[in-house]
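# need coordinates for the below:
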Amino acid sequence: MKNVQCDIRELDDSNGRIAVLYLDNPRTRNSMTLEMGMSFHDTIHKLAGDDPQLRALVITGNNDVFSSGGDFNLLKSFAEKDPEENKRYMESFYRLFLDVRNMPFPVIAAVNGHAIGASLALALACDLRYFVPDGKYAFNFVRIGIHPGMGSSFLLKEVAGLTQAQELLLTGRYISGEEAYRRGLCHGLFSREEILDRALEVATEIATAAPQAVRMCKHGLYINRTLDNALEYEAASQAQNYATDDFREAIQAIEEKRKPVFRDE
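The predicted model follows:
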C-alpha cells in the first residue's frame, strides 16, 4: 500500500501546474509509517525531477484527518531494539518527510483535521500551512515518554518562537486550530469543506509568479541567518533574475497594463 495519492492540476492561462498530495492510510487515520514515508519521499522527488512546470505542491489528508502522527505499532517496536539502531532509523525516517524543505517549489500544508506529533512537525516544515478551527494539534511526544522528534524542537522555534516552543513541547498540550493560529503556528484558518480549495488559491497565486524568483526566494528564506547573508544572496539572485525573459515579460506587462505570463525562461 502506497499510503499517499497524488494528482496534478493544470493552471488556466499558464504553462504551469500544481500538485496535490494526499496522506492516505484509512486504517490508522493516516499514521506515518515507513511505507508512507518511502512513498511520500519518492513522490515528491519524482514531482521535482520529472515535471519542470510544477509550480507548487499542496499536502493534505484523506479520510477527514490530516494525520494521527507516528504509527503506534512502529513506535511500539522501538522498545525491543538497540538504541543505536533506533537512532539511525529515526533520523532516516524523519528525512523521508522533511525533504519538503529541499523541494524547488513551495509546499503548502492544508491541514484538514487533527495533526499530532510528527505530522504537525511535517506541517511546520512546509512553507505555508493552514489549519481548521476545530482541529486538534499537539506535539505530544513527552506525553508518550519520548523527546520531541521530526525536527519539532527546531521547527516550532523557527515558526512560532522559543516561548511557544517551550510551552507546547514541554507540556505536550493539545490545542485547537484557533489557538494554533493565535500562537503563530499557521497562516490562516479555513473550514474542513473549504481548506483544500483555499490552499489551492494560495498555490495558484504562487504558481503565477515568476518561477525562478519563487525558487530563489524559498531557498533564501531558510539559508540566510544574518542581514549581511541576506543582502549578498538577494543581490546575486536579482542579478540572475534581471537576465531572464520572465523579467523582461514583467516589465513589458507593466508598460502594457496587463498581467504578466511567466514561462520560467
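
# report the distance from stretch 148-161 to the chain centre.
Mean-position distance between stretch 148-161 and its chain equals 13 Å (C-alpha atoms, centre = their mean, to the nearest Å).

# repeat that for stretch 45-64.
10 Å.

# doesn't Ala235 fall inside a helix?
Yes - per DSSP: H, G, I helix; E, B strand; the rest coil, Ala235 lies within a helix segment.

# give me the neighbour count for it.
9 (other C-beta atoms under 10 Å). C-betas here are computed from N, CA, C, even on glycine.

# do Leu74 as well
Count around Leu74 with other C-beta under 10 Å applied: 17.

# make 42 the starting number, not 1.
Fine by me, first position is 42 from now on; the one you just mentioned is Leu115.

# now it, what's its secondary structure?
What three-state DSSP gives for Leu115 is helix.

# check contacts around it.
Contacts for Leu115 (C-beta atoms under 8 Å, 6 or more residues apart in numbering) come out as Ser72, Thr74, Leu75.

# can you tell me how far the first one is from Tyr274?
Read it as Ser72. Counting by C-beta to C-beta, to the nearest Å, the separation of Ser72 from Tyr274 is 38 Å.

# which of the two has more residues huddled nearby?
Ser72 (24 against 17).

# helices of the stretch 42-191 of the chain, residue ranges please.
75-91, 113-118, 124-139, 159-166 (DSSP state H, counting those that start in this stretch).

# compare those helices and give me the one nearest Glu219.
helix 159-166 (15.4 Å; C-beta to C-beta).

# can you check what angle separates that closest one from helix 124-139?
Per axes from the mean of the first three to the mean of the last three C-alpha atoms, to 10 degrees, the angle that helix 159-166 makes with helix 124-139 is 50 degrees.

# in terms of secondary structure, what does helix 159-166 contact?
Packing partners of helix 159-166 (3 or more C-beta pairs under 8 Å, 6 or more residues apart in numbering; DSSP states H and E): helix 124-139, helix 193-201.
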